[in-house]
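[1] Show me how the following folds:
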Amino acid sequence: MARSEASMIVGAPVGEVYTVWRQFENFPRFMNNITEVTKQDGDGKMSHWKVKGPFGANVEFNAEMTMDEPNTRIGWNSRGDGTVSTSGQVTFTALGEKQTQIHVLMNWQPPAGKVGEAVAKLVSDPQKELEEDLGRFKEMIEGGKFGTIVPQS
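    Next up is the predicted model:
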């Protein structure tokens with residue numbers, strides 16, 4: 001199973017950062033390989049993901065939020081018979097009133113097992129992509145591009 005891990009400090013309060021991140025449908029706005037996320041239930045614990053894979057392949061999977069600790073942590077696991085298996089967690093650490101450290105840990109098993117993993121590494125750099133995605137998130141939240149954010153309690 002492949003793994004990527006990255007952290008970033010953003011200039012926004014932890015409540016705002018968590019609230020924006022918890023709205024998974026925001027992901028295509030800052031994550032280059034995510035094309036669509038749709039909620040499958042009212043509280044957003046189940047979601048359907050569409051992702052760009054290697055060589056223009058489209059990858060889809062369902063995910064279940066396995067942890068949801070407001071302003072602290074979100075965890076997930078893929079479910080069902082999607083084309084990829086994924087799990088991970090994001091933690092949010094308040095650094096004073098106006099800064100938050102985001103830490104992302106992602107695990108995934110692409111289609112075709114070890115062969116698929118090797119091919120994916122040849123045509124992309126998941127670690128670099130995660131770091132760039134976090135950089136775009138930082139720019140957007142600090143620039144107010146998510147609109148008015150009402151933190152969840």
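
[2] Adjacent strands (with direction) for the strand ranked longest in the chain?
    Assignment by DSSP state E gives strand 58-69 as the longest strand of the chain. Strand 58-69 has its sheet partners listed here by DSSP bridges as strand 46-52 (antiparallel), strand 73-79 (antiparallel).

[3] quick one: which of the ones you listed has the weakest pLDDT on average?
    Between those, the lowest average pLDDT goes to strand 46-52, which shows a mean of 92.

[4] The one residue sitting closest to the centre of the chain - nearest residue in space that isn't next to it in sequence?
    Using Cα atoms, centre = their mean, the residue of the chain that lies closest to the mean C-alpha position is Phe27, 6.6 Å off. Leaving aside its sequence neighbours, Phe27 sits nearest to Ile34 (Cβ to Cβ, 6 or more residues apart in numbering; 4.5 Å). For the C-beta atoms, the positions are set from N, CA and C on the backbone; glycine is no exception.

[5] Strands of this protein, start to end?
    Counting by DSSP E, the strands of the chain are 2-10, 34-39, 46-52, 58-69, 73-79, 85-94, 100-109.

[6] Quick one: those strands as JSON lines, columns for mean neighbour count too.
    Shown next, in JSON lines, are those (neighbours: other Cβ atoms under 10 Å):
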{"stretch": "strand 2-10", "mean neighbour count": "16"}
{"stretch": "strand 34-39", "mean neighbour count": "15"}
{"stretch": "strand 46-52", "mean neighbour count": "18"}
{"stretch": "strand 58-69", "mean neighbour count": "16"}
{"stretch": "strand 73-79", "mean neighbour count": "17"}
{"stretch": "strand 85-94", "mean neighbour count": "18"}
{"stretch": "strand 100-109", "mean neighbour count": "18"}
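
[7] Nearest to Lys128 among those would be which one?
    Comparison of these against Lys128 by Cβ to Cβ identifies strand 2-10 as nearest, at 9.1 Å.

[8] What's the separation between the residue nearest to Phe27 and Arg136?
    11 Å (Cβ to Cβ, to the nearest Å).
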